[in-house]
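Undergrad: how would this look folded up:
(chains A and B)
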Amino acid sequence: KDLEEKLVVRPTSETIINSMFSKWIQSYRDLPMLLNQWANVVRWEMRTRLFLRTTEFLWQEGHTCHETQAEAEEETLKMLRVYKDFAENYMAMPVICGIKTNSEKFAGADRTYCIEAMMQDRKALQAGTSHNLGQNFAKGFETKFQDRQSNWQFVWQTSWGVSTRLVGGLVMTHSDDKGVVIPPRLAGIHVAIVPISKGSPDDAKLFEVADKLAYELKNPEYSGTLGYSISTKVDRDTQHSPGWKFHEYELIGIPIRVELGLRDLEKNQVTIVRRDTGVKQFIPIADAAKTIARELGQMQSDLLEKAREMRKKYSFVVDDYEDFKKKLDEPGGFLHCHWCEKASCEEQIKNETKATIRCIPLDAADRLTPAVEQGRCIKCGEKSMTRVIFARSY
RNA sequence: CGGGACGUAGCGCAGCCUGGUAGCGCACCUGGUUUGGGACCAGGGUGUCGGAGGUUCAAAUCCUCUCGUCCCGACCA
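TA: Numbering: from 1, shown residues only, chains lettered A, B, ... in the order given. A predicted model of the protein is given here:
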């Protein structure tokens, strides 16, 4: 009653959802049951971080019930791949799919899968999780169904989610000293056309050409190729100088800027500048739309590739604990190390270095079984069958 | 919850140590010239100095309390 804005404190979603699932599900015919919701969440963290760990945040969460364990596992991995696809092909943020260790997994889950990204400061960001909940909540909430043989069984469940943390991930993956860089597929405005007007009667011609280009960019041919329709802004403002506008569009991350002045018109060309490279191209007006569409597609893949290169550069195979500590401090990054699977080693490493096991990575094809490799735990030297990824994280 | 800093014009800050009645940059307003990488010249101050008490002839400045913000740590399955 003392709060200006009323808050309702609730337990974790799984408990609420399951109390409903147990009412809604009676038969195998009710399965699978697949729910998705967007919800804002409050967590009373001692310390917040803009976008990455805010007191209140918006997230998307899915909750599903299945007939069999295999089906639940399939759903868990399916969503993991949906998240990976979104991260990489929309956000241009490369991620590593993996499994969380016992100490890092969701408490109610049998297994927690995750996508982990490397930010430009070489710290790791957990960008999304997908849990195979097994029958843990089903047993707690009596979520049962009658199977095809009339036997009562507990459902097999999954849950998964991503949050506004992804916005932070986007910013920290692509931004540079000029400002934010938005991948074309997520940009609200893809192209800013800046007519460089001189207040002369010829200016009308500039706007005419600018408008025509904006119109040409609506050609369905381009949206067919890119997967989105190109959104264009013709800057009609006469108050700010061209230089001011260039900086402004760079600051907010518009993927492509088109400069169009009388000098261009004389040469029958436009100047095209990509936000990520800053390289200026002088293109015949007749080819401008086609070139812009092509550059948008190229920029999308270049951004992903650039981030991949960075991650590659700062990923290390490490077998010596002293080397491990040194690399963590400088330059940082993902350290692929053997680990004996003992929580005590994991805990000690965390206490000594602040590095945690981000995940046990899935193999190159994102198959379930992590790559097998004989080795010795970086901490205690005991036998290990696979490498895990250590990093400092947000 | 510990440790540290900061609240002064719309924004970013200086002034505080050593009290004397508030200043700088940007922004903004007026006029003119400008416009291809954040234009220039001239003129203009728009402020309960976070709040409340206290000391003093006098407080942005010193003291006490209070509110708020940020950073670091702990925390974050």
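Undergrad: if we ignore the residues flanking it in sequence, what's nearest residue A:53?
TA: Excluding the flanking residues, the one nearest residue A:53 by CB to CB, 6 or more residues apart in numbering is residue A:45, at 5.7 Å. C-beta here means a position set from N, CA and C on the backbone, and glycine is covered the same way.
Undergrad: and the one you found, what's its pLDDT?
TA: We have a pLDDT of 78 for residue A:45.
Undergrad: can you tell me the SS state at the residue sitting furthest away from the middle of chain A?
TA: The C-alpha centroid of chain A is most remote from residue A:201, which lies 48.1 Å away (CA atoms, centre = their mean). Residue A:201 falls in the coil class when you classify it by DSSP: H, G, I helix; E, B strand; the rest coil.
Undergrad: and the gap between it and RNA strand B?
TA: To RNA strand B, residue A:201 is 13 Å away according to CB to the nearest atom of the strand, to the nearest Å.
Undergrad: quick revisit: so is the residue nearest to residue A:53 in a helix, a strand, or just coil?
TA: Applying three-state DSSP: residue A:45 is coil.
Undergrad: my guess is it meets residue A:57, correct?
TA: No: assessed by CB atoms under 8 Å, residue A:45 is found out of contact with residue A:57, at 10.3 Å.
Undergrad: these two: which has the busier surroundings?
TA: residue A:57 (18 against 10; other CB atoms under 10 Å).
Undergrad: tell me which residues in the host helix or strand of the more buried one are buried?
TA: Assigned by DSSP states H and E, residue A:57 belongs to strand A:56-66. For strand A:56-66, burial by neighbour count (16 or more other CB atoms under 10 Å) applies to A:57, A:59-66.
Undergrad: what mean pLDDT does it get?
TA: Average pLDDT, strand A:56-66: 93.
Undergrad: cool, and stretch A:342-361?
TA: Average pLDDT, stretch A:342-361: 93.
Undergrad: contacts for that stretch?
TA: With contacts defined as CB atoms under 8 Å, 6 or more residues apart in numbering, stretch A:342-361 is touched by A:96-104, A:114, A:116, A:124, A:126, A:324-325, A:328, A:334-336, A:339, A:370-371, A:377-380, A:382, A:386-393.
Undergrad: report the buried members of those residues.
TA: Counted by 16+ other CB under 10 Å, the contacts of stretch A:342-361 give A:96-101, A:104, A:114, A:116, A:124, A:126, A:324, A:328, A:334-336, A:339, A:370, A:377-379, A:386-393 as buried.
Undergrad: and RNA strand B, which of those residues contact it?
TA: Contacts with RNA strand B within the buried ones among the contacts of stretch A:342-361, counted by CB under 7 Å from any atom of the strand: A:100, A:104.
Undergrad: now the helices: where do they sit in the stretch 51-200 of chain A?
TA: Assigned helices in the stretch 51-200 of chain A, in chain order: A:69-89, A:136-141, A:165-174 (criterion: DSSP state H, counting those that start in this stretch).
Undergrad: need the contact list for the residue in the stretch 251-394 of chain A that RNA strand B sits nearest to.
TA: Residue of the stretch 251-394 of chain A nearest RNA strand B, by CB to the nearest atom of the strand: residue A:261 (2.1 Å). By CB under 8 Å, 6+ apart, the residues touching residue A:261 are A:195-196, A:206, A:242, A:271.
Undergrad: my guess is residue A:156 meets residue A:76, correct?
TA: No: in this structure residue A:156 lies outside contact range of residue A:76 using CB under 8 Å: 9.9 Å.
Undergrad: what about the helices of the stretch 51-200 of chain A, which gets the closest to RNA strand B?
TA: RNA strand B lies closest, by CB to the nearest atom of the strand, to one member of those: helix A:165-174, at 10.7 Å.
Undergrad: alpha carbons of that closest one, as CSV, please.
TA: This file holds the C-alpha atoms of helix A:165-174, laid out as CSV (Å, rounded to 0.1, in the frame of the first residue of the first chain):
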residue,chain,number,x,y,z
ARG,A,165,18.6,-8.3,-22.8
LEU,A,166,18.9,-9.0,-26.6
VAL,A,167,18.7,-5.2,-27.2
GLY,A,168,21.9,-4.9,-25.0
GLY,A,169,23.4,-7.7,-27.0
LEU,A,170,22.7,-6.0,-30.3
VAL,A,171,24.2,-2.8,-29.1
MET,A,172,27.3,-4.4,-27.6
THR,A,173,27.9,-6.6,-30.7
HIS,A,174,27.9,-4.0,-33.4
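Undergrad: in it, what's buried?
TA: For helix A:165-174, a neighbour-count test (16+ other CB under 10 Å) marks A:165-166, A:168-174 as buried.
Undergrad: kindly report the same for stretch A:353-373.
TA: Residues A:353, A:355-362, A:370 are the ones in stretch A:353-373 that count as buried (16+ other CB under 10 Å).
Undergrad: neighbours around residue A:188, how many?
TA: Using other CB under 10 Å, the number of residues around residue A:188 comes to 10.
Undergrad: quick check: which element contains residue A:18?
TA: Residue A:18 belongs to helix A:13-24, assigned by DSSP H and E.
Undergrad: does RNA strand B sit close to that helix?
TA: No: Helix A:13-24 lies out of reach of RNA strand B by CB under 7 Å from any atom of the strand, never closer than 8.6 Å.
Undergrad: kindly report the same for stretch A:53-63.
TA: Yes: using CB under 7 Å from any atom of the strand, stretch A:53-63 reaches RNA strand B at residue A:53.
Undergrad: please state the offset of that stretch from the chain centre?
TA: 14 Å (CA atoms, centre = their mean, to the nearest Å).
Undergrad: ok, residues contacting it?
TA: With contact meaning CB under 8 Å, 6+ apart, stretch A:53-63 is reached by A:13-14, A:17, A:21, A:34-45, A:47-48, A:79, A:157-165, A:394.
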